[in-house]
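Enquirer: no letters, just coordinates:
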């Protein structure tokens, strides 16, 4: 039996659990932070977001960075800050970009569905 491989794309690697593990291992701490706290990054001030990030890196044993480095790296996920009046004062607040929020929500929804599917039935024991 002959298999026609003339149109086969060698660069298209199938999605496997190992491939996903490698992608996750190569993610920056900023990406992992956004993935875990995507729901909290909504009208959040820079200092509050940085404090949340510091809790995240302490829990996950990532290297610390300055607040300036943090905000600079987070702009790819949040864009520029927006001014918002909170309790009579104007603050610079951050929100995830819509496409980033949608991607993180989709990832977490799929992860939750997979966890639910992997649970054994209650009467299994």
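Expert: Sure thing, it's come through. Predicted model, so just to flag it, every value in this text is computed and none were measured. Numbers count the residues shown, from 1 in each chain.
Enquirer: now do the contacts for the residue nearest to residue 40 when sequence neighbours are not counted.
Expert: Closest residue to residue 40 in three dimensions, ignoring its sequence neighbours and counting by C-beta to C-beta, 6 or more residues apart in numbering: residue 52, at 6.4 Å. Yep, even glycine has a C-beta here, placed from its N, CA and C like the rest. By C-beta atoms under 8 Å, 6 or more residues apart in numbering, residue 52 lies in contact with 33, 37, 40, 44.
Enquirer: from residue 14, how far out is residue 52?
Expert: 36 Å (C-beta to C-beta, to the nearest Å).
Enquirer: scan this protein for its longest helix.
Expert: Ranked by residue count and defined by DSSP state H, the top helix of the chain is helix 98-118.
Enquirer: ok, back up a step: for the helix or strand containing the residue nearest to residue 40, what is the average pLDDT?
Expert: Counting by DSSP states H and E, the secondary-structure element that holds residue 52 is helix 46-60. Averaging pLDDT along helix 46-60 gives 96.
Enquirer: can you give me how far it is from the chain middle?
Expert: Relative to the mean C-alpha coordinate of its chain, helix 46-60 is positioned 14 Å out (C-alpha atoms, centre = their mean, to the nearest Å).
Enquirer: counting neighbours, which bits of that helix end up buried?
Expert: 46, 49-50, 53, 56-57 (16 or more other C-beta atoms under 10 Å).
Enquirer: repeat that for stretch 32-45.
Expert: Buried, per 16+ other C-beta under 10 Å, within stretch 32-45: 33-35, 37-38, 41, 44.
Enquirer: could the residues you listed go into CSV alongside distance to residue 10 and secondary structure?
Expert: As requested, these are exported to CSV (distance: C-beta to C-beta, whole Å; DSSP: H, G, I helix; E, B strand; the rest coil):
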residue, distance to residue 10, secondary structure
33, 35, helix
34, 32, helix
35, 30, helix
37, 38, helix
38, 34, coil
41, 38, coil
44, 44, strand
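Enquirer: which two from these end up farthest apart in space?
Expert: Farthest-apart pair in these is 35 and 44; separation 15.9 Å (C-beta to C-beta).
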